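[1] no sequence on this one, just coordinates:
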């Protein structure tokens, strides 16, 4: 079956899987905060050698531009004294100093000059996107790639890796320019020769594969074996960045997801769900969440790797809400699969946890739990659906019918309808016993008359469609399962009083 049936399309559900929960803006923000910390540490570590080389560096610069000696000296001293702010680049820096520093990158006989030049160029590029653009215009990327290929000095290589990641991190166009200059292959080769630099390499790899529009997967797929290796390291930051890189690479069609699976990362990603740090759990979970948006065979590989016990643990109330949302989302994509996959979720005892979420948690996590249960009712066998009823899903779905999110109400109604079709009279008794029938009847008071909606300045077309969908499902349930109420077809065109039983929230 599709990822989302009844209330939408499969592509809609797959798309939601990449944007809810911790998604991407929050994930990116946390990554950038970590990146800033590493930048500061690297800058502090690399500042000391710059002081020893500045006199020779200035002498070389000013031998060609003696009239600028004072200005260049002032700029360089200011640069080296500052921690977090770089002065704006003026014409002299752009046209004279930076090109000269770029030339130093070609001078293998003067490794100290290379290091100093990399350091200064990196700090200029780090100041803002405007500064980064200037550094790119003077041709720094081909020189960085050359250093990665041919240089053997550890400090120079590390600074080059750092500079490459910094540039790629600023925008997708800079990322693509770095890749088009052949930066990926030499970077990957350094994983073996520079084991002590894994953190920098992992962070730079992440910068080279993230961003919207997404990177051309064919251009970066060779990074998968290296990322598979990096997620097995002991360093938490390395594992986190490698997982984020896999997350970005898994945001794609099924053939892309298949390449991720064939890289052999699934067993380790499932294991990482038990990691002590949320910085590792979050990207591992979101990567697995992307993988289970694939076809049923791809979902099954993740299920076979025992992801469900890990997801069960993450649903517990002691975990962060963002983690619990992502866990619900992954489960909902699994329950959108086949009957065997839905049965696996039931056997993992996950449904009672989802029921508890529907009864006790905040709306955003309730929404994902409702989707998970709905998908199970839409694609499960009759035995599956009876078990859903036995595990409290009817009351939980009835309780959420007063939710202000009309999409959640619609999903919950369809879930109830699917259960009523299979369980019959016993399900009707459960609905009545938890006041669900009254709530369904109350939903008929939603106004759906086009004339009235056209006069409502606060209601857009989507809200009108959502109201109409809720009204139609509620009417269908009452007419089918409680015919004794005597609802007529014309009532579908004339809601009771045009009022809403709750305040509507657009989502």
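    Alright, I've got the coordinates. Owing to the predicted nature of the structure, the values given are computational and were not obtained by experimental measurement.
[2] next SSE downstream of the host helix or strand of residue 201?
    Assigned by DSSP states H and E, residue 201 belongs to helix 198-209. Sequence-wise, the next helix or strand downstream of helix 198-209 (DSSP H and E) is helix 217-220.
[3] what does that next one rub up against?
    Residues from elsewhere that reach helix 217-220, judged by Cβ atoms under 8 Å, 6 or more residues apart in numbering: 179, 184, 208, 209, 249, 252, 256, 259. (Each C-beta comes from the backbone N, C-alpha and C, glycine too.)
[4] among those, name the ones in helices.
    Judged by DSSP state H, the subset of those located in helices is 179, 184, 208, 209, 249, 256, 259.
[5] can you add neighbour count and distance to residue 330 and give those residues back as CSV?
    As requested, the ones in helices among the contacts of helix 217-220 are exported to CSV (neighbours: other Cβ atoms under 10 Å; distance: Cβ to Cβ, whole Å):
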residue, neighbour count, distance to residue 330
179, 18, 30
184, 23, 30
208, 26, 26
209, 25, 21
249, 28, 17
256, 17, 18
259, 16, 20
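[6] would CSV of the residues you listed with pLDDT be doable?
    CSV is the format used below for these (pLDDT from 0 to 100):
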residue, pLDDT
179, 97
184, 97
208, 98
209, 98
249, 98
256, 97
259, 98
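[7] quick check, nearest of these to residue 384?
    residue 256 (30.6 Å; Cβ to Cβ).
[8] contacting residues for the closest one?
    Neighbours of residue 256 in contact, by Cβ under 8 Å, 6+ apart: 217, 249, 250.
[9] distance of it from residue 183?
    Counting by Cβ to Cβ, to the nearest Å, the gap from residue 256 to residue 183 is 21 Å.
[10] so residue 373 sits right up against residue 387, yeah?
    No: contact between residue 373 and residue 387 fails when scored by Cβ atoms under 8 Å: they sit 11.8 Å apart.
[11] need the overlap of contacts for these two.
    Taking Cβ under 8 Å, 6+ apart as the criterion, residue 373 and residue 387 both touch residue 351.
[12] and the helices in the stretch 201-350 of the chain?
    Assigned by DSSP state H, counting those that start in this stretch, the helices in the stretch 201-350 of the chain fall at 217-220, 224-230, 236-249, 254-262, 266-272, 278-291, 296-304, 307-314, 321-335, 339-347.
[13] about what we covered before: which neighbouring elements make contact with the helix holding residue 201?
    Identification of packing neighbours for helix 198-209 by 3 or more Cβ pairs under 8 Å, 6 or more residues apart in numbering; DSSP states H and E yields helix 24-64, helix 154-170, helix 172-180, helix 184-193, helix 224-230, helix 236-249.
[14] which stretch in those helices has the least confidence?
    With a mean of 47, helix 24-64 has the lowest mean pLDDT of the helices and strands packed on helix 198-209.
[15] could you list the domains of the protein?
    Here the domain parsing of the chain from automatic domain parsing is 21-215, 227-291.
[16] how far out from the middle of the chain is the shortest one?
    Its chain's average C-alpha position is 12 Å from that of domain 227-291, according to Cα atoms, centre = their mean, to the nearest Å.
[17] next, the distance between the ends of that domain.
    Domain 227-291 stretches 16 Å from its first residue to its last (Cα to Cα, to the nearest Å).
[18] what count of nearby residues applies to residue 306?
    14 (other Cβ atoms under 10 Å).
[19] show me what contacts it?
    So residue 306 contacts residue 270 (Cβ under 8 Å, 6+ apart).
[20] tell me the confidence at it?
    pLDDT, residue 306: 97.
[21] phi and psi next, for it.
    phi 70, psi 40 (degrees, to the nearest 10).
[22] any idea how far it lies from residue 288?
    In terms of Cβ to Cβ, residue 306 sits 11 Å off from residue 288.
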